[in-house]
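Peer 1: A structural model of the following input is requested.
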Amino acid sequence: MANGPTVGEIAMFLEMYFPSTVSFQTALAALCTLLSIYPLLALHRNQLREPRQPQHTAWKRGIAQVITDSFGMVSNFAEDGWMSQEEVQDCADSLARNVKSLFNLLNLGTDPDFIHRTNSRPIICTTFQDCILCPVTIGHPKSLRRREKFLEVSLLDQSLKWVTATLAVAHCKSCGADYYPDRIVFSHLERNGTRQQRLVYDAQYLRISKHGIWVHRHIAILQERAIIRFHSGWSSFAEWLSDSIKGGGKAITYRQSKQLYIEHFSRRLLIFHEKLPEIALVPSNTSSDTKGWPGREPVISGWSVGVRLPRQTETKLV
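Peer 2: Predicted structure coming up:
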């Protein structure tokens, strides 16, 4: 099994095949493409084992096309001044022509998938950089700081695989608000200082358990589609999801499936009613039972603004 290229080999590759004016994004796109085309190269090599086969098989031409496409729209590079159209084509042709040698140069061997087995942990944190609750004054807005140390949590990513992720919680020193990836928790002065939370309606990660279990928003979209298309319930979706998780691991429980439903559709309602700042105020210790849920209660209780659910079941799937 190959260990992958070294830093020196990558530097040599970049110097040999790319002009010095090429952007890092362009070179990285080509390199990532090179790492992914080994199955095509294997098919090309296998065809060459037969007698009277052309050196430039259809697989080889396909490799050249894939590499060319990895540079994106040629006109974009020409407009940005990174590479002219001729340079783009020459670079792509050179990579395709020497793809076999490049695999040897970069020490990829027969196992280019090493890049997918890296031990890097995904980091989940808020997308805000400044506090949106503090009043805007002259000067720089109140920047967010790190709250204590990072936490290790379990994350079910969009590929249906359990991974260990790093949770970073931001904090505003001015108002004391804590910024999680999916919500903002703060003290509401007009409500006797009780802790409230404002839901982030476009959060990419949702917490479904108080024990540090998070899921990617893509999983919530899968549940939404299962409910709309197949009238799936929380238990059946939890069982299906547990069966589909790659590599096994912990199973999704009924309660976690229910919490995922509540978290996702709560945010759907914020968008549907176009009252994001007002509706997103919820007691910080709110459970899914406090919020209520569509199909069981006509009104979501525990919210600062009562919202009646839409009668139609069709929603826009993103």
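
Peer 1: first to last residue in stretch 167-184, what's the distance?
Peer 2: In terms of Cα to Cα, to the nearest Å, the two terminal residues of stretch 167-184 are separated by 14 Å.

Peer 1: So for that stretch, what gets flagged as buried?
Peer 2: For stretch 167-184, the neighbour count (16 or more other Cβ atoms under 10 Å) marks 167-172, 177-184 as buried. Backbone N, C-alpha and C define where each C-beta goes, glycine included.

Peer 1: mean confidence score for it?
Peer 2: The average pLDDT for stretch 167-184 rounds to 92.

Peer 1: Now do the strands in the stretch 201-318 of the chain.
Peer 2: 205-209, 213-216, 281-283 (DSSP state E, counting those that start in this stretch).

Peer 1: Also the stretch 1-150 of the chain?
Peer 2: Assigned by DSSP E, counting those that start in this stretch, the strands in the stretch 1-150 of the chain fall at 123-124, 145-146.

Peer 1: Distance to Tyr254 and mean pLDDT for those strands - can I get that in JSON lines?
Peer 2: Converted to JSON lines, these look like this (distance: least, Cβ to Cβ, whole Å; pLDDT from 0 to 100):
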{"stretch": "strand 123-124", "distance to Tyr254": "24", "mean pLDDT": "89"}
{"stretch": "strand 145-146", "distance to Tyr254": "35", "mean pLDDT": "89"}
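
Peer 1: Can you say which of those strands is nearest to Arg268?
Peer 2: For Arg268, the closest of these is strand 123-124, at 20.9 Å, according to Cβ to Cβ.

Peer 1: I'd like to know which elements that closest one is packed against.
Peer 2: Counting contacts by 3 or more Cβ pairs under 8 Å, 6 or more residues apart in numbering; DSSP states H and E, strand 123-124 packs against strand 162-167.

Peer 1: How far off centre is the very next helix or strand once past the strand it packs on?
Peer 2: Per DSSP states H and E, strand 162-167 leads on to strand 170-171 as the next helix or strand towards the C-terminus. Distance of strand 170-171 from its chain centroid, counting by Cα atoms, centre = their mean, to the nearest Å, is 21 Å.
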